[in-house]
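**Student:** Below is the sequence, then the predicted model.
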Amino acid sequence: MGITEKIAEIEREIARTQKNKATEYHLGLLKAKLARYRVMLLEPTGKSGPKGVGFDVVRSGDARVALIGFPSVGKSTLLSKTTGTTSEAAAYEFTTLTCIPGKINYNGAQIQLLDLPGIIEGAAQGKGRGRQVIAVAKTADLILMMLDATKGPRQRELLELELEAVGIRINTHRPNIYFKVKKGGGISFNATCKLTWLNEKMVYNILHDYKIHNAEVLVREDATVDQFIDVVLGTRKYIRCLYCYNKIDQISIEEVDQLARQDHTVVVSCESDLNIEYLVDQMWHYLDLIRVYTKPRGQAPDFDGGLILKRGTTVEGVCKAIHKSLVDEFSYALVWGTSTKHSPQRVGINHVIENEDVVQIMKKK
Ligand SMILES: Nc1nc2c(ncn2[C@@H]2O[C@H](COP(=O)(O)OP(=O)(O)OP(=O)(O)O)[C@@H](O)[C@H]2O)c(=O)[nH]1
Ligand SMILES: [K+]
Ligand SMILES: [Mg+2]
């Protein structure tokens, strides 16, 4: 039996198994097996997997956004509209066959927007160019899921399932579970809160299925079985996702209003040029970037330039953004701005900086 059939079989078994106290451990095991097979499917061990010609686009700019959607929803039309690059758009499906990068300049940042082929149901199993498209999506800082406003909610559900199946977790955080494989000592299981779904036996069963017999597990939130499996696999990608409904020129105002009220959602019409600026603005917000100004010793801060960095970046990240070798030469930094109590404040390399901070790096003598 091939892996795809095994996956299908487990999915069928999960679907027909009633969820109750008596079956919860069995279901937990099935989920662990399913996750394991899916990983095998995505990372073929041989060299026979799809090569992905035209998909290895060099990363450039301050952040990367991947356009994911079914064929002919308007992905290429959006790329041509928002970047200086033209990507062929047409009324037939699969017009785009490779990854086409464009560049958006916004708020002084350069955002790399990637146009991709449309994906179809079963993409995670390798249908169409699904695997290559998904591999690119995993490298993105933000997924822009493009949807056709004239079609129903099913398209969005299907795409979410495809992303889920390949280990992408959208608009959620990494579960707060400490997990470490050990050389000996068996499995130690502890929790800092009341647990609804996990317990020692469940965790032991799942780890056993993964042939892990020595590990430390500390659960710090009321996590589900699926979340625990995510942590054990350790390869999940947590990426933010913005839903973009295109072609609103084709539906009524009432329908537009309803779509626009959904979470993480922007409605646009690429062809009629409706709401495109707002979409770019939302992309910027979802990327969660900050600007930091550097100040050379004895000079004014560089308010015209500055660095674009991810929120949560430390002084170490600032050093790396300036020059690789600066981390080794680092002595301390002076910081002016909202991340410090007084300005300037002397900080170490692990200090987390904030938007609009001014940073002066002092090298070792
Ligand atoms: N009515 C309407 N049509 C649009 C809009 N945006 C794009 N289209 C049309 O939708 C069709 C598909 O557009 P593409 O940009 O090629 O779509 P795609 O998602 O890149 O398609 P593939 O590359 O084949 O996956 C084209 O005929 C576009 O002219 C829009 O806002 N409104
Ligand atoms: K098309
Ligand atoms: Mg296209």
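**Tutor:** That came through fine. Ligands and ions are numbered 1, 2, ... in the order given.

**Student:** got the domain boundaries for the protein?
**Tutor:** The chain breaks down by automatic domain parsing into domains covering 3-46+175-233, 63-172+237-287, 289-363.

**Student:** Out of these, the one nearest ligand 3 is which?
**Tutor:** Ranking the domains of the chain by proximity to ligand 3 (C-beta to the ion) places domain 63-172+237-287 first, at 3.1 Å. The way it works is simple: take the backbone N, C-alpha and C, and place the C-beta from them, glycine included.

**Student:** quick one: average confidence on that closest one?
**Tutor:** Here domain 63-172+237-287 scores 94 as its mean pLDDT.

**Student:** Repeat that for stretch 320-340.
**Tutor:** 94.

**Student:** Contacts made by it with the rest, please.
**Tutor:** 294-295, 307, 309, 315-316, 318-319, 343-349, 351-365 (C-beta atoms under 8 Å, 6 or more residues apart in numbering).

**Student:** Figure out the length between the terminal residues of that stretch.
**Tutor:** The straight-line separation of the ends of stretch 320-340 (C-alpha to C-alpha, to the nearest Å) is 21 Å.

**Student:** what do you get for stretch 83-101?
**Tutor:** End-to-end for stretch 83-101, by C-alpha to C-alpha: 9 Å.

**Student:** Which positions in it come out as buried?
**Tutor:** Within stretch 83-101, the residues that qualify as buried by neighbour count (16 or more other C-beta atoms under 10 Å) are Thr83, Ser87, Ala89, Thr95, Thr96, Thr98, Cys99, Ile100, Pro101.

**Student:** on that earlier part again, of all the domains of the chain, which one is nearest ligand 1?
**Tutor:** Set against ligand 1 and scored by C-beta to the nearest ligand atom, the domains of the chain come closest in domain 63-172+237-287, at 2.9 Å.

**Student:** The closest one close to ligand 3?
**Tutor:** Yes. Contact between domain 63-172+237-287 and ligand 3, assessed by C-beta under 5 Å from the ion, occurs at Lys75, Ser76, Thr95, Thr96.

**Student:** Pull the contacting residues for the closest residue to the first one other than its chain neighbours.
**Tutor:** Think Lys75. Of all residues not flanking Lys75 in the chain, Leu67 sits nearest, at 4.4 Å (C-beta to C-beta, 6 or more residues apart in numbering). By C-beta under 8 Å, 6+ apart, Leu67 lies in contact with Lys75, Leu78, Leu79, Leu113, Leu114, Asp115, Leu116, Leu144, Met146.

**Student:** Go through these and give me the one with the most neighbours.
**Tutor:** When neighbours are taken as other C-beta atoms under 10 Å, the top entry among these is Lys75 (30 neighbours).

**Student:** and the gap between that residue and Pro175?
**Tutor:** Shown here: Lys75 relative to Pro175, a distance of 31 Å by C-beta to C-beta, to the nearest Å.

**Student:** For the stretch 101-250 of the chain, what lies in contact range of ligand 1?
**Tutor:** Contact residues, the stretch 101-250 of the chain versus ligand 1 (C-beta under 6 Å from any ligand atom): Pro117, Gly118, Asn246, Lys247, Asp249, Gln250.

**Student:** Going through these, which ones are buried?
**Tutor:** Pro117, Gly118, Asn246, Lys247.

**Student:** Just confirm the last one contacts Thr150, I think it does.
**Tutor:** Spelled out, it's Lys247. Yes. Under the criterion of C-beta atoms under 8 Å, Lys247 makes contact with Thr150 at 5.7 Å.

**Student:** Out of the residues of domain 63-172+237-287 next to ligand 3, which are close to ligand 1?
**Tutor:** Lys75, Ser76, Thr95, Thr96.

**Student:** Out of these, which two sit at the greatest distance?
**Tutor:** Lys75 and Thr95 (9.3 Å; C-beta to C-beta).

**Student:** Can you add secondary structure and give the buried residues of stretch 83-101 back as a markdown table?
**Tutor:** Below are these laid out as a markdown table (DSSP: H, G, I helix; E, B strand; the rest coil):
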| residue | secondary structure |
| --- | --- |
| Thr83 | coil |
| Ser87 | coil |
| Ala89 | coil |
| Thr95 | coil |
| Thr96 | coil |
| Thr98 | coil |
| Cys99 | coil |
| Ile100 | strand |
| Pro101 | strand |
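
**Student:** picking that back up, the residue nearest to Lys75 looks like it's in a strand, true?
**Tutor:** Yes. Membership of Leu67 in a strand is supported by three-state DSSP.

**Student:** And it, how far from Ser76?
**Tutor:** When Leu67 is compared with Ser76 (using C-beta to C-beta), they lie 8 Å apart.

**Student:** list residues touching both of the two?
**Tutor:** Asp115.

**Student:** can you tell me which helix in this protein is longest?
**Tutor:** Identified as the longest helix of the chain according to DSSP state H is helix 24-42.

**Student:** Give me the contacts around that helix.
**Tutor:** With C-beta under 8 Å, 6+ apart, helix 24-42 has contacts from 3-4, 6-7, 10-11, 13-14, 17, 19, 124-126, 131, 134, 165-167, 201-202, 205-206, 209-210, 225-226, 229-230, 232-233, 235.
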